[in-house]
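1. Sequence and predicted structure are below.
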2 protein chains.
Amino acid sequence: MMSVTIKDVAKVANVAPSTVSRVIANNPRISEQTKVKVREAMEQLGYHPNFIARSLANQSTQVIGLVTPGSSDVFFQNPFFPTVLRGLNEGAHEHQYALQLVTGKSEDDIYNGVVQMVQGGRVDGVVLLYSKVEDRIVTYLQDRDFPFVMIGKPYKLAESITHVDNDNVQAGFDATEFLIGMGHERIAYIGGDKQLVVTVERLQGYKNALEKAGIPYRDSYTVHESFLLEGGKDAICALMDLPVSDRPTALLVTDDLMSLGVLNTLSELDMTVPEDISMISFNNVLFSEMSRPPLTSVDINIFQLGFEASAQLIKRVEHKSEPHRRITVPHHIVKRFSTEYVKK
Amino acid sequence: MMSVTIKDVAKVANVAPSTVSRVIANNPRISEQTKVKVREAMEQLGYHPNFIARSLANQSTQVIGLVTPGSSDVFFQNPFFPTVLRGLNEGAHEHQYALQLVTGKSEDDIYNGVVQMVQGGRVDGVVLLYSKVEDRIVTYLQDRDFPFVMIGKPYKLAESITHVDNDNVQAGFDATEFLIGMGHERIAYIGGDKQLVVTVERLQGYKNALEKAGIPYRDSYTVHESFLLEGGKDAICALMDLPVSDRPTALLVTDDLMSLGVLNTLSELDMTVPEDISMISFNNVLFSEMSRPPLTSVDINIFQLGFEASAQLIKRVEHKSEPHRRITVPHHIVKRFSTEYVKK
DNA sequence: TGCAATTTTGTTTACGCTTACAAAATGTTC
DNA sequence: GAACATTTTGTAAGCGTAAACAAAATTGCA
């Protein structure tokens, strides 16, 4: 390789290496005259600064590490991922940061990946793309006082962790109330992994709404599965095992992908949405409008979640003393055709 | 920060820093005895090597750069992306490499991103996740003799670029022949951006199959749109503008996401698949089995495309003199319910 | 012109690690 | 046990840049 370094430029421009370095940083203590001279030399030689060397000298890499939940494979499948990535990407790019993924299959793998990244000085900060109940990674980062932000609400110590999240209790509440407003009373909740804080919170909102409406909460109406197509399938089968008169007239499904599964399973069972059963979904990803019927879905602004996360992280990295914040990204219900007034 | 360095370990273990370095590299010229001693010191101090410093000394970062096509936003939306990423991830992880994304909005942005990455020494090699007709990035990488591999077939100089691809001509041929085998003769081709090599190749395969069957090729039967939902919609409208007796009885759509759009538009037009019109799709991503009807789709093994790409790249990085290869990932048709024999 | 104040540039060390080369320790042979 | 070969460890020079400190050049003003 042997690429051109700051020294080569210095030689050509007939100045000291440090002068070149200062020109790069656009240091005001260098005269315009020599700046021009140096820039010409850089141009002529096709010089590009070496990030690695700069990182070493600076103790900063301009790279953000992204951490996916243990089961990356599953996570990647969900359209949530590309969208949040797009947001992260844009937020990072605005400040000239690059993104690096922590790769790993198992939970241990990921943990070690994070440790290597952090201790190895590969990244200046870390974004956790999830929030789960007990998380060694969070503990680790906190112990080392390493800058990170979380997408989702931290299980505990939320005040001392900068995080970007929706008001998921409220979102669950709103979605449930939306169904109640259409006359539904037998409403089932199909949520994802109980380890995920988001699942727990939306469930809470669901319960709150039921309580407010005076509808008793029934354990048999809540199912927890993974955020995948299969999950939706299994969930619906469990519900349809109930006696006919007891079956829910409406479903609240906390993920669009699961909703697709639910939709298909219902179709196999010859039940039509929304005539036989109503459905409200979460996330409002691309294909929620492409399903049949198009899904009424709670749009949680995934892009913005990502965007804010990297923006906040960079703020923390660059000003270590920034106070911890919570950023609440708004949600809103997008009404489509999977919800209908209950038949009396 | 002031983390623990090789020197601290050396002091504690009472050896020279170089010895510690050699222990890390597990150099056989260090006696087992001192290895043990040094490892204990590392353990005790919680030492982790600094990647940046190592990179600088080594001139190698163990990082792979990923380059998405200019319109990253669109690309991210497509389920192709997460799947290929998963493959890349796994291939990289097996060899302890990390992935870094080139971020950027416009084509220029991306180009500059690549230049910075490469010249800045941030990455050891690059994977291009696409292949398009005229590409400055390819030219640039070739000029600098920088290791890269491409997913898809290079527009030119395919022999001097290591690339991982399907046999897309054959795939287009197979898909078309599959439809012909069901008695279809009026078959339309709905492809993506004409700038993408894959579009061109599958079209070629389509033409070949028609020719072999003695079916004349008609310009009005080929439509090119972007790989998105909207694309599918526009495409189908164009075809349905044809006189009734001239309308195709079967569609070959080169992307599942577009197929979803097509499916929905057809449904709006009150046409049922496969009764009124047959459809074969490409990629076989997650939801091609979740659509209604589930799509017959050509599975191109996206995961493996990614996996091979990073594996090959790493091979190139570590042995610069490796000859250029072409890796052909097999495809196969997954028959579902969107294709039916033509009605006479 | 002379001298201090100020601006501009140069010298040098440090960042944490690798590695060629040198030196020391150990082993082998007669 | 001397002489040499071999194994093991240490010394020191880099990798390319940043920045503290020192030195030189320029400016202003009497």
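-> Sure thing, it's come through.

2. Next one: residue A:66 relative to residue A:215, how far apart?
-> As judged by CB to CB, to the nearest Å, residue A:66 and residue A:215 stand 41 Å apart. C-beta here means a position set from N, CA and C on the backbone, and glycine is covered the same way.

3. Buried residues of stretch A:311-319, list them for me.
-> A:311-317 (16 or more other CB atoms under 10 Å in any protein chain shown).

4. which one of the residues you listed sits closest to residue B:43?
-> Nearest to residue B:43 among the buried residues of stretch A:311-319: residue A:317, at 29.6 Å, using CB to CB.

5. Could you verify that the closest one is part of a helix?
-> Yes. Membership of residue A:317 in a helix is supported by DSSP: H, G, I helix; E, B strand; the rest coil.

6. State the distance from it to residue B:138.
-> Distance of residue A:317 to residue B:138, given as CB to CB: 34 Å.

7. And for residue A:216?
-> Between residue A:216 and residue B:138 the computed distance is 65 Å (CB to CB).

8. which of those two has more neighbours?
-> Set residue A:216 next to residue B:138 and count neighbours by other CB atoms under 10 Å in any protein chain shown: residue B:138 wins out with 19 against 8.

9. which residues of the stretch 1-150 of chain A fall in helices?
-> A:6-13, A:17-24, A:32-45, A:51-58, A:72-77, A:80-94, A:107-119, A:136-144 (DSSP state H, counting those that start in this stretch).

10. C-alpha coordinates for the fifth one, CSV please?
-> Right, helix A:72-77. Coordinates of each C-alpha in helix A:72-77 appear next as CSV, following Å, rounded to 0.1, in the frame of the first residue of the first chain:
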residue,chain,number,x,y,z
SER,A,72,-29.9,-11.3,15.9
ASP,A,73,-31.3,-13.6,13.2
VAL,A,74,-34.8,-13.1,14.4
PHE,A,75,-34.3,-9.5,14.8
PHE,A,76,-32.9,-9.0,11.4
GLN,A,77,-36.0,-10.6,9.9
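
11. so how far is that helix from its chain's centroid?
-> 13 Å (CA atoms, centre = their mean, to the nearest Å).

12. same thing with the longest one?
-> In terms of CA atoms, centre = their mean, the centre of helix A:80-94 is set 9 Å apart from its chain centre.

13. Also stretch A:60-72?
-> Using CA atoms, centre = their mean, the offset of stretch A:60-72 from its chain centre is 12 Å.

14. So, low pLDDT: which residues of chain A?
-> A:1-2, A:226-235, A:344 (pLDDT under 70).

15. Backbone torsions only: list them for the most centrally placed residue in it.
-> Centre of chain A computed as the mean C-alpha position; nearest residue by CA atoms, centre = their mean is residue A:129, 4.3 Å away. Backbone torsions of residue A:129, given as degrees, to the nearest 10, read phi -90, psi 20.

16. That one contacts residue A:66, doesn't it?
-> Yes. Assessed by CB atoms under 8 Å, residue A:129 is found in contact with residue A:66 at 6.3 Å.

17. Near DNA strand C, which residues of chain A are found?
-> A:14-19, A:22, A:28-31, A:33-34, A:53, A:56-57, A:59 (CB under 7 Å from any atom of the strand).

18. Please convert the buried members of those residues into ChimeraX selection syntax.
-> Only the buried entries of the residues of chain A next to DNA strand C go into this ChimeraX selection, using 16+ other CB under 10 Å:
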select /A:15,19,22,30,34,53,56
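
19. Quick check: residues of the stretch 101-250 of chain A near chain B?
-> A:101-105, A:109, A:115-117, A:119-122, A:229 (CB under 8 Å from any CB of the partner chain).

20. Just flag the most distant two among those.
-> For these, the farthest-apart pair by CB to CB is A:121 and A:229; their separation is 40.0 Å.

21. Mind checking which of the two has more residues around it?
-> Taking neighbours as other CB under 10 Å, residue A:121 and residue A:229 compare with residue A:121 leading, 24 against 21.

22. Next, the contact list for that one, please.
-> Residue A:121 is in contact with A:55, A:59, A:61, B:3, B:50-53, counting by CB atoms under 8 Å, 6 or more residues apart in numbering or on different chains.

23. Break chain A down into its structural domains.
-> What automatic domain parsing lists as the domains of chain A is A:6-49, A:63-166+A:303-331, A:168-300.

24. ok, whatever residue of the stretch 101-250 of chain A ends up closest to DNA strand D to residue B:54 distance?
-> The minimum distance from the stretch 101-250 of chain A to DNA strand D, using CB to the nearest atom of the strand, falls at residue A:121 (12.7 Å). Relative to residue B:54, residue A:121 is positioned 10 Å away (CB to CB).

25. which residues in the stretch 201-344 of chain A form helices?
-> Under DSSP H, counting those that start in this stretch, the stretch 201-344 of chain A gives helices at A:229-240, A:256-268, A:302-318.

26. Would you mind putting those helices into JSON lines with distance to residue B:262 alongside?
-> Below are the helices of the stretch 201-344 of chain A laid out as JSON lines (distance: least, CB to CB, whole Å):
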{"stretch": "helix A:229-240", "distance to residue B:262": "21"}
{"stretch": "helix A:256-268", "distance to residue B:262": "18"}
{"stretch": "helix A:302-318", "distance to residue B:262": "26"}
